[in-house]
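S.K.: generate coordinates for the sequence data below:
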Amino acid sequence: MAVRIDITIDCADPELLARFWRAMLGYIDRPAPDGYSSWEEYDRAHGVAEDQLDAGSAALDPDGNGPRLFFQRVPESKIIKNRVHLDLYVSADLDGATARRKIHTEAHRAEALGAKLLRVNDDDEDYFIVMRDPEGNEFCLT
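M.R.: Numbering: from 1, shown residues only. As a prediction, this is how the structure comes out:
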């Protein structure tokens, strides 16, 4: 049985996080339905309440292989560590110092997009960097 996986992330600002993750992953915005220039136009045409027009935003793999990320606005803020986090394998085909440089390059790129460095796991066998996205959700660069 084939199953498609979507990852839904609760947040305060869906579009902010969707833009961050689109940039990090090379993902794209979800196209508006045929006949509509935007999701806002579609939602208005279908009676979505004004305060719900920006309640969600998505990030899609342009090749259709990776999971869809959906960001939904919720009233409560993040309080504790994530129970689930994303691992970005940015150095999968690299070794040693080359892999570390690639991980650090991606960490700097993530910081420029609004992420914060949390810690570096400086183990030769399992080197990775833990970061937080603009709303504090942890993710790892490895």
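S.K.: quick one: find the helix or strand in the protein with the lowest mean pLDDT.
M.R.: helix 39-45 (a mean of 90; mean pLDDT, DSSP states H and E).
S.K.: list the buried residues for it?
M.R.: Trp39, Asp43 (16 or more other Cβ atoms under 10 Å). Yep, even glycine has a C-beta here, placed from its N, CA and C like the rest.
S.K.: ranges for the helices of this protein?
M.R.: For the chain, applying DSSP state H gives helices covering 14-25, 39-45, 96-112.
S.K.: what residue ranges in the protein score low on pLDDT?
M.R.: When residues are selected by pLDDT under 70, none of them lie in the chain.
S.K.: show me the domain layout of this protein.
M.R.: 6-73, 86-141 (automatic domain parsing).
S.K.: which one, of these, ends up nearest to Ile79?
M.R.: Of all those, domain 86-141 sits nearest to Ile79, with 9.7 Å by Cβ to Cβ.
S.K.: how about the domains of the chain in JSON lines, adding distance to Ile80?
M.R.: Formatted as JSON lines, the domains of the chain follow (distance: least, Cβ to Cβ, whole Å):
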{"stretch": "domain 6-73", "distance to Ile80": "13"}
{"stretch": "domain 86-141", "distance to Ile80": "10"}
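S.K.: centroid residue for this structure?
M.R.: By Cα atoms, centre = their mean, the chain has its centre lying nearest to Trp21, at 3.2 Å.
S.K.: who does the residue nearest to that residue when sequence neighbours are not counted form a beta bridge with?
M.R.: Of all residues not flanking Trp21 in the chain, Ala59 sits nearest, at 4.8 Å (Cβ to Cβ, 6 or more residues apart in numbering). Taking DSSP bridges as the rule, Ala59 bridges to Leu69.
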